[in-house]
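Asker: Provided below for reference: sequence and predicted model.
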2 protein chains.
Amino acid sequence: MCDARHQHMRHAVQLSRTKMDEGCGGPFGAVIVRDGKVIAEGWNNVTSSNDPTAHAEVSAIRAACEILGTFDLSGCEIYTSCEPCPMCLAAIYWARIDHIYYANGREDAAAIGFDDQFLYDEVAKPVSARSLPCDHIELPEAREVFQAWAEKEDKIPY
Amino acid sequence: MCDARHQHMRHAVQLSRTKMDEGCGGPFGAVIVRDGKVIAEGWNNVTSSNDPTAHAEVSAIRAACEILGTFDLSGCEIYTSCEPCPMCLAAIYWARIDHIYYANGREDAAAIGFDDQFLYDEVAKPVSARSLPCDHIELPEAREVFQAWAEKEDKIPY
C-alpha cells in the first residue's frame, strides 16, 4: 500500500529520524496536511530549545497556525510518527484538526522510556488520586473574571 | 486567610483579568513560583498570537524554562486561575512541576463556554470511541527510529 496517507506518514517519520540524529530532542515527527498538501512540519525539540511543550505535534500546530495566520486548523489533518500524548492530543482538539494518523503507539513510546501511558492514566484520575499534588484555592475574584468574560461583548471565542 | 499561596493566586487571577481586558485571549492567568518567589508569568494569548497551545499554564512554563535555561521545572509550583485543561495538565507533568494550585474549576470553565470537561472525557476514552477520528498507519521505519533512540548513546533523556 503506497497511497498519499502513507507518503505523509513517511514524511513525519523521516522528520523524526533526521531531527533525532541532529540532536533536537526525542524521536518524534509530525506534519499538518490541508487539501492533500503538507503545509507545516514539526519535530520534538524539548531538549534543544528548553521547552517541555515542544513536542512534534505541538510544534507542527504552532507552525501551521503561524503560516495560515489563524488559531483554527479546521480542515487540516495531522500525521504523527507516534500516537499523541495527552498534551498533544488536547492541543489537536483545541486546534480543531479534523483527523489524526499515527504510526507507533503509546506502548511503543513507553517501551523506550516515555511517559505517555502514565500520563493517560494520570489525566483520567480524579484530581485527588493523582501523583502530582493539586490544591484548590477559593478566590471570589477568579469567579468575577469568568463572569466578566461571559459578559464581554468584544470577545473572540476559540 | 492571606498567606503566600493566596498572594500568588491573586497574582495569577490579576493576570487573567488584565490580559483579558487587553484582548490577549481567554480569561486565564498563571504564575510559576520557586523558593517562594514568582519567576515567570503566563496568560492565555490564543487569539492574539494565533497559537491554540498558548494557554496560561503552557505560556508560563515556556517563560519559566526560558528564564531558567532548562526544560525541567522540578522544585517549582504553578498557580493558575483555573484548573488546567488536559493539555496544560500534561504539560505540567512533562515540565516536572511539583505542585498545582488552582482557583476556578473545570466546571466553571465549561459554564462560560470552554471545552475543558469535554476534553477530559475525550482523552480518557479508547482511541476508537473518541469524536475525533484517529487512525493507525503501520510503518516499520517508525519502529526503527524508536529502536535507534533506545540505542542512541548521546541522547538527552527528558
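Answerer: Structure's in. What do you need?

Asker: distance of the residue of chain A most remote from its centre from B:Gly26?
Answerer: Most distant residue from the mean C-alpha position of chain A: A:Pro140, 32.7 Å away (Cα atoms, centre = their mean). Distance, A:Pro140 to B:Gly26, by Cβ to Cβ, to the nearest Å: 19 Å. Bear in mind the C-beta positions are built from the backbone N, C-alpha and C, glycine included.

Asker: got the contact list for A:Ser74?
Answerer: Neighbouring residues of A:Ser74 by Cβ atoms under 8 Å, 6 or more residues apart in numbering or on different chains: A:96-98.

Asker: now it: how far from chain B?
Answerer: Distance from A:Ser74 to chain B, counting by Cβ to the nearest Cβ, to the nearest Å: 11 Å.

Asker: what does A:Ile112 give?
Answerer: Distance, A:Ile112 to chain B, by Cβ to the nearest Cβ: 5 Å.

Asker: wait, that residue sits on B:Phe146?
Answerer: Yes: at 5.1 Å, A:Ile112 and B:Phe146 qualify as touching, with contact defined as Cβ atoms under 8 Å.

Asker: shared neighbours, those two?
Answerer: Common contacts of A:Ile112 and B:Phe146, defined by Cβ under 8 Å, 6+ apart, comprise A:Pro27.

Asker: who has more neighbours out of the two?
Answerer: Neighbours were counted for A:Ile112 and for B:Phe146 using other Cβ atoms under 10 Å in any protein chain shown; B:Phe146 has more, 23 against 19.

Asker: remind me which helix or strand that one belongs to.
Answerer: In the assignment (DSSP states H and E), B:Phe146 maps to helix B:140-151.

Asker: what helices and strands are in contact with that helix?
Answerer: helix A:4-21, strand A:76-82, strand A:99-104, helix A:106-111 (3 or more Cβ pairs under 8 Å, 6 or more residues apart in numbering or on different chains; DSSP states H and E).

Asker: including mean neighbour count and mean pLDDT, could those go into JSON lines?
Answerer: As requested, the helices and strands packed on helix B:140-151 are exported to JSON lines (neighbours: other Cβ atoms under 10 Å in any protein chain shown; pLDDT from 0 to 100):
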{"stretch": "helix A:4-21", "mean neighbour count": "20", "mean pLDDT": "97"}
{"stretch": "strand A:76-82", "mean neighbour count": "28", "mean pLDDT": "98"}
{"stretch": "strand A:99-104", "mean neighbour count": "22", "mean pLDDT": "98"}
{"stretch": "helix A:106-111", "mean neighbour count": "16", "mean pLDDT": "92"}
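
Asker: any chance of those in a markdown table, with distance to A:Arg34 too?
Answerer: Below are the helices and strands packed on helix B:140-151 laid out as a markdown table (distance: least, Cβ to Cβ, whole Å):
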| stretch | distance to A:Arg34 |
| --- | --- |
| helix A:4-21 | 11 |
| strand A:76-82 | 5 |
| strand A:99-104 | 11 |
| helix A:106-111 | 26 |
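
Asker: any idea which residue sits dead centre in chain A?
Answerer: A:Cys88 (2.3 Å).

Asker: any idea how far chain B is from it?
Answerer: Taking Cβ to the nearest Cβ as the measure, A:Cys88 falls 8 Å from chain B.

Asker: dump stretch A:36-55 to CSV, restricted to CA.
Answerer: Output of stretch A:36-55 as CSV, limited to C-alpha atoms (Å, rounded to 0.1, in the frame of the first residue of the first chain):
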residue,chain,number,x,y,z
GLY,A,36,-3.7,16.9,0.4
LYS,A,37,-0.6,19.0,0.8
VAL,A,38,1.9,19.3,3.7
ILE,A,39,1.6,22.8,5.0
ALA,A,40,3.8,22.5,8.1
GLU,A,41,6.3,20.3,9.8
GLY,A,42,7.1,19.7,13.5
TRP,A,43,9.5,17.7,15.5
ASN,A,44,10.4,17.2,19.1
ASN,A,45,12.8,19.9,20.3
VAL,A,46,12.3,19.7,24.0
THR,A,47,15.9,19.4,25.0
SER,A,48,17.4,21.7,22.3
SER,A,49,15.0,24.6,22.9
ASN,A,50,14.5,24.1,26.6
ASP,A,51,10.7,23.8,26.1
PRO,A,52,9.0,20.8,27.6
THR,A,53,5.9,21.6,25.5
ALA,A,54,7.9,21.4,22.2
HIS,A,55,6.6,18.0,21.2
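
Asker: on that earlier part again, by neighbour count, which of the contacts of A:Ser74 wins?
Answerer: Counting neighbours by other Cβ under 10 Å, A:Ile97 comes out on top of those with 25 neighbours.

Asker: would you agree it falls within a strand?
Answerer: No: in this structure, A:Ile97 is coil, not part of a strand, as judged by DSSP: H, G, I helix; E, B strand; the rest coil.
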